[in-house]
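J.: I'll drop the sequence and a predicted model, then ask my questions.
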Amino acid sequence: MRTTMKGSIRVGAAAAIFAAGFLVGSITQRPAEAQLGDIKDKAMEKAGEQGGAVGAAGQLGTQLTDMKKNLDGLQKNYDMLKKVQSMLGG
């Protein structure tokens with residue numbers, strides 16, 4: 001009986017430690033894209049320089065990345081305009 005109780009406590013403690021680590025890890029996890037930086041852009045440009053389907057896909061990827069950057073900039077400008085508009089009372 002005592003051995004079963006000790007085993008249950010050990011399993012419960014291990015499960016609790018795992019759950020706590022999983023929770024903390026999922027809260028503090030950052031997207032991997034933030035770590036790539038320029039590497040992704042350079043790889044897309046290199047792929048775009050190649051011919052054929054790989055080159056076309058690389059160019060498309062580069063264009064989509066540029067479009068996303070432009071949209072992010074426009075969104076920031078729009079948010080600023082909304083903030084100014086609300087300050088002016090409109």
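T.: Now that the structure is in, tell me what you want to look at. Keep in mind the model is a prediction, meaning the values are calculated, not measured.
J.: C-alpha only now, for contacts and for neighbours.
T.: Will do.
J.: helices or strands up against the helix or strand harbouring residue 53?
T.: Element membership for residue 53, per DSSP states H and E: helix 52-87. When contacts are defined as 3 or more C-alpha pairs under 8 Å, 6 or more residues apart in numbering; DSSP states H and E, helix 52-87 sits against helix 38-49.
J.: State the mean pLDDT of the helix it packs on.
T.: Over the span of helix 38-49, the pLDDT mean works out to 70.
J.: cool, stretch 83-90 as well?
T.: For stretch 83-90, the mean confidence score works out to 86.
J.: same question, stretch 58-78
T.: Mean predicted confidence for stretch 58-78 is 87.
J.: quick one: buried residues of that stretch?
T.: 58-59, 61-62 (16 or more other C-alpha atoms under 10 Å).
J.: between those, which is nearest residue 26?
T.: residue 61 (29.2 Å; C-alpha to C-alpha).
J.: the domain parsing of this structure - what is it?
T.: Domain assignment for the chain by automatic domain parsing gives 1-30, 37-90.
J.: Out of those domains, which one sits most buried?
T.: domain 37-90 (a mean of 13; mean count of other C-alpha atoms under 10 Å).
J.: which one of the buried residues of stretch 58-78 is nearest residue 38?
T.: residue 62 (11.9 Å).
J.: The closest one touches residue 47, doesn't it?
T.: No: using C-alpha atoms under 8 Å, residue 62 is not in contact with residue 47; the gap is 9.3 Å.
J.: CA atoms only for stretch 63-76, dumped as CSV, please.
T.: The C-alpha coordinates for stretch 63-76 follow below in CSV (Å, rounded to 0.1, in the frame of the first residue of the first chain):
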residue,chain,number,x,y,z
GLN,A,63,6.6,40.3,-54.0
LEU,A,64,4.2,38.9,-51.3
THR,A,65,6.7,39.8,-48.6
ASP,A,66,7.0,43.3,-50.0
MET,A,67,3.2,43.7,-50.2
LYS,A,68,2.9,42.6,-46.6
LYS,A,69,5.4,45.2,-45.5
ASN,A,70,3.6,47.9,-47.4
LEU,A,71,0.2,46.8,-45.9
ASP,A,72,1.7,46.9,-42.4
GLY,A,73,2.9,50.4,-43.0
LEU,A,74,-0.5,51.5,-44.3
GLN,A,75,-2.2,49.9,-41.3
LYS,A,76,0.1,51.9,-39.0
